[in-house]
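Q: give me a 3D structure for the following:
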Amino acid sequence: MQSIEQIIEDDFHVIPDLLKSAALRHPDHCALRAGDDSISYADLDHLVDAVASRLQHDGLTPGQVVAICARTCIRYVAVYFGALRAGGVVAPLPVTAKVEHLDAMLDNCQAKWLFTDSTIQSEWACLQTRQHIRQITLDDDDGAMPFSDWIAAAGQVTPVSISPEHPFNLIYSSGTTGVPKGIVQPHGMRWSHVKRAWLNGYRPDSVVITGTPLYSNTTLVAVIPALVIGATVIMLEKFDALKYLQLAAKYRATHTILVPIQYQRILRHPQFDDFDLSCFKGKLCTSAPFSAELKAEVLDRWPGDLVEIYGMTEGGGRCELHAHLYRDKLHTVGKPAPGCEIRIIDDNGNEVPQGELGEVVGRSPAMMHGYHGLPDKTREAEWYSPEGLRFIRTGDVGRFDADGFLILGDRKKDMLISGGFNIYPSDLEAELMKHPAVRDCAVVGVKSERWGETPVGFVVLDEKYSIDPEDLLQWVNQRLGKIQRLAKLEVVNDLPRNPIGKVLKRDLREDFQQRYGTLA
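A: So this is what the prediction gives:
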């Protein structure tokens with residue numbers, strides 16, 4: 001049997017097969033912890049086999065979709081790997097999505113099996129009408145077939161042949177601007193994530209702690225490689241800063257992947273300095289803008305390396321900032337990672353000169369096949385270079401500095417045009433964050449009779465400060481250019497975010513315009 005070091009050097013391996021290899025190498029090693037439950041590699045592999053054989057007994061053929069919409073638990077991971085071992089394609093559906101969006105995703109993926117739990121069964125009432133889908137509840141709820149009863153009839157697994165091009169999973173985008181699109185990721189793309197995790201220090205003796213849900217690609221790029229490599233994974237059923245600190249200290253966590261708002265909440269917890277985090281070797285951050293100030297605080301207060309990963313679930317180009325090595329580049333997202341190519345293009349699809357702003361596009365061995373069932377949307381997401389190379393469009397505005405580090409601006413859709421001038425909300429947000437009373441903020445464009453669009457700010461105040469919103473508005477407008485000035489500023493208790501920390505600016509904009517209509 002190959003060692004994990006030898007495996008990593010190979011061009012491709014099938015992910016669920018490598019879980020079995022890990023179980024053979026160290027069967028009694030803890031694979032997963034979730035809440036009060038834990039499971040060894042041998043027992044996890046046995047459960048994965050049972051799921052795979054049961055799905056095949058139910059009639060699953062390679063390429064068919066198995067959907068999961070449930071809270072984080074060990075059985076969730078077993079179903080994920082079991083469906084893959086049977087040759088299926090996994091569609092992890094976000095439990096926080098609106099019911100109408102869940103319906104749309106289920107229609108889009110055409111799943112023949114759906115694994116849920118009691119909470120989802122009670123909230124997603126229309127599931128009772130979907131008689132053509134086999135429904136199993138992971139927590140053995142009576143609302144559908146209990147998992148324990150379903151798995152009891154498991155037999156032997158029929159081996160299937162899987163190639164790098166075979167669809168691995170169908171990840172639905174975070175859905176900050178409407179119905180999420182299904183991103184088809186192939187097995188080869190997931191294998192590249194394993195090799196990347198090895199480069200970032202994952203080893204069989206690592207303890208990896210996650211704080212995001214299992215339907216998030218942020219979580220999967222940590223959990224899947226960790227289990228392939230043979231590490232121990234600690235999964236929070238729901239993120240809580242104190243619980244995270246307790247588990248990280250108790251199990252002597254060595255690696256983590258979090259989104260920026262989670263780093264902020266952990267560092268702000270009054271007991272942060274009471275916990276021993278000295279075993280940490282590496283910390284990853286992704287999925288949302290990560291301010292230079294917050295990166296610096298993580299470096300100063302939390303042991304271990306810090307790497308920011310800039311990329312998309314769709315794949316394409318990826319940048320990495322090894323923040324512990326480049327303290328002077330914390331305002332960037334780093335350089336293109338090995339094997340990745342990033343270019344900057346204008347609105348007409350032409351490459352711009354070095355240093356100029358434009359849309360970021362990228363390519364690499366890790367790229368989606370496309371959006372499931374949405375060929376037009378797939379074409380919109382692609383850009384082909386003059387040499388005929390396929391790139392994925394990010395929708396982000398950015399530029400390279402003189403040293404080749406990528407500096408991001410805003411999402412193109414977040415940019416507003418006021419009186420004919422482009423305004424980038426991130427510039428205004430950066431100015432707001434300079435005030436000591438501002439803990440968090442967001443700027444959106446709203447309709448204006450005079451300007452077409454005009455910027456409006458939303459701020460979360462630090463508990464130690466009290467300031468009149470009009471005074472804060474005057475303070476920031478004195479520091480902004482004339483065309484950038486905020487028309488209005490509101491103090492809010494919190495900013496609406498999706499589960500991976502992205503601010504839901506559409507919600508802010510729609511709520512504001514419902515209350516105020518078009519501004520003068």
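
Q: so which residues of the stretch 301-450 of the chain form helices?
A: 375-380, 425-432 (DSSP state H, counting those that start in this stretch).

Q: can you list the buried residues in the longest one?
A: When neighbours are counted by 16 or more other Cβ atoms under 10 Å, the buried residues of helix 425-432 are found to be 425, 426, 428, 429, 430, 431, 432. C-betas here are computed from N, CA, C, even on glycine.

Q: TSV please, covering the helices of the stretch 301-450 of the chain and showing mean pLDDT and distance to residue 463.
A: Listed next are the helices of the stretch 301-450 of the chain as TSV, based on pLDDT from 0 to 100; distance: least, Cβ to Cβ, whole Å:
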stretch	mean pLDDT	distance to residue 463
helix 375-380	94	43
helix 425-432	91	17
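
Q: state the pLDDT value of residue 419.
A: At residue 419, the model reports a pLDDT of 77.

Q: so residue 105 lies in a helix, does it not?
A: Yes: under DSSP: H, G, I helix; E, B strand; the rest coil, residue 105 falls within a helix.

Q: test my guess that it contacts residue 93.
A: Yes: if you go by Cβ atoms under 8 Å, residue 105 and residue 93 touch, sitting 5.5 Å apart.

Q: anything in contact with each of the two?
A: Common contacts of residue 105 and residue 93 (Cβ atoms under 8 Å, 6 or more residues apart in numbering): residue 172.

Q: and the helix of greatest length in the chain, which residues are buried?
A: When the chain is parsed with DSSP state H, its longest helix is helix 41-57. Applying a neighbour-count criterion of 16+ other Cβ under 10 Å, one finds 41-56 buried in helix 41-57.

Q: which strand or helix spans the most centrally placed residue in the chain?
A: Closest to where the C-alpha atoms of the chain average out (Cα atoms, centre = their mean) is residue 218, at 3.3 Å. Residue 218 belongs to helix 217-229 when assigned by DSSP states H and E.

Q: can you list the strands that the next helix or strand after that helix pairs with?
A: Using DSSP H and E, the helix or strand that follows helix 217-229 towards the C-terminus is strand 232-235. Partners of strand 232-235 in the sheet, by DSSP bridges, are strand 30-34 (parallel), strand 207-210 (parallel).

Q: list the buried ones in the longest one?
A: Buried residues in strand 30-34, counted by 16+ other Cβ under 10 Å: 30, 31, 32, 33, 34.

Q: got the contact list for the third one?
A: Okay, so that is residue 32. 38, 39, 44, 74, 77, 227, 232, 233, 234, 235.

Q: the first one touches residue 44, doesn't it?
A: What it means is residue 38. No: checked against Cβ under 8 Å, the pair residue 38 and residue 44 is beyond contact range at 10.0 Å.

Q: identify the contacts common to these two.
A: 32, 74.

Q: in TSV, list the buried residues of helix 425-432 along with distance to residue 274.
A: TSV is the format used below for those (distance: Cβ to Cβ, whole Å):
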residue	distance to residue 274
425	37
426	35
428	37
429	32
430	32
431	35
432	32
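
Q: ok, these vs residue 506, which is closest?
A: residue 425 (12.9 Å; Cβ to Cβ).

Q: that closest one against residue 412, yeah?
A: No: under the criterion of Cβ under 8 Å, residue 425 is not in contact with residue 412, lying 11.7 Å apart.

Q: burial of residue 291, as a residue count?
A: Applying other Cβ atoms under 10 Å, we find 16 residues neighbouring residue 291.

Q: also residue 199?
A: Neighbour tally, residue 199, other Cβ under 10 Å: 12.

Q: just residue 420 next, same as before
A: Quick note: residue 420 (other Cβ under 10 Å) scores 8 neighbours.

Q: for residue 245, same thing?
A: Neighbours of residue 245 using other Cβ under 10 Å come to 19.

Q: tell me which element it is part of?
A: Going by DSSP H and E, residue 245 is part of helix 241-250.

Q: which strands or helices does that helix pack on?
A: strand 207-210, helix 260-268 (3 or more Cβ pairs under 8 Å, 6 or more residues apart in numbering; DSSP states H and E).

Q: would you mind getting the angle between it and helix 260-268?
A: 80 degrees (axes from the mean of the first three to the mean of the last three Cα atoms, to 10 degrees).

Q: how about helix 241-250 as CSV, C-alpha atoms only?
A: Extracted as CSV, the C-alpha positions of helix 241-250 are listed here (Å, rounded to 0.1, in the frame of the first residue of the first chain):
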residue,chain,number,x,y,z
ALA,A,241,-16.8,31.7,19.2
LEU,A,242,-16.5,30.4,22.8
LYS,A,243,-17.3,26.8,21.7
TYR,A,244,-14.7,27.1,19.0
LEU,A,245,-12.0,28.2,21.4
GLN,A,246,-13.0,25.5,23.9
LEU,A,247,-12.7,22.7,21.3
ALA,A,248,-9.5,24.1,19.7
ALA,A,249,-7.8,24.2,23.1
LYS,A,250,-9.2,20.9,24.3
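
Q: and the nearest residue to residue 106 once chain neighbours are set aside, bridged to which residues?
A: Nearest residue to residue 106 in three dimensions, chain neighbours excluded: residue 67, at 6.5 Å (Cβ to Cβ, 6 or more residues apart in numbering). With DSSP bridges as the criterion, residue 67 is bridged to residue 91, residue 114.

Q: re earlier: tell me the buried residues in the helix holding residue 245?
A: 241, 244, 245, 247, 248.

Q: same thing with stretch 291-310?
A: So for stretch 291-310, counting by 16+ other Cβ under 10 Å, buried means 291, 294-295, 298-299, 302, 304-310.

Q: what of stretch 107-125?
A: Under 16+ other Cβ under 10 Å, the buried positions of stretch 107-125 are 108-109, 111-118, 120-121, 124.

Q: now the helices for the stretch 1-150 of the chain?
A: Under DSSP H, counting those that start in this stretch, the stretch 1-150 of the chain gives helices at 4-9, 15-25, 41-57, 74-85, 99-109, 118-123, 147-151.

Q: got a list of what the residue nearest to residue 363 when sequence neighbours are not counted touches?
A: Distances taken as Cβ to Cβ, 6+ apart place residue 391 nearest to residue 363, at 4.6 Å, with adjacent residues excluded. By Cβ under 8 Å, 6+ apart, residue 391 lies in contact with 316, 317, 341, 343, 361, 362, 363, 382, 383, 384, 385.
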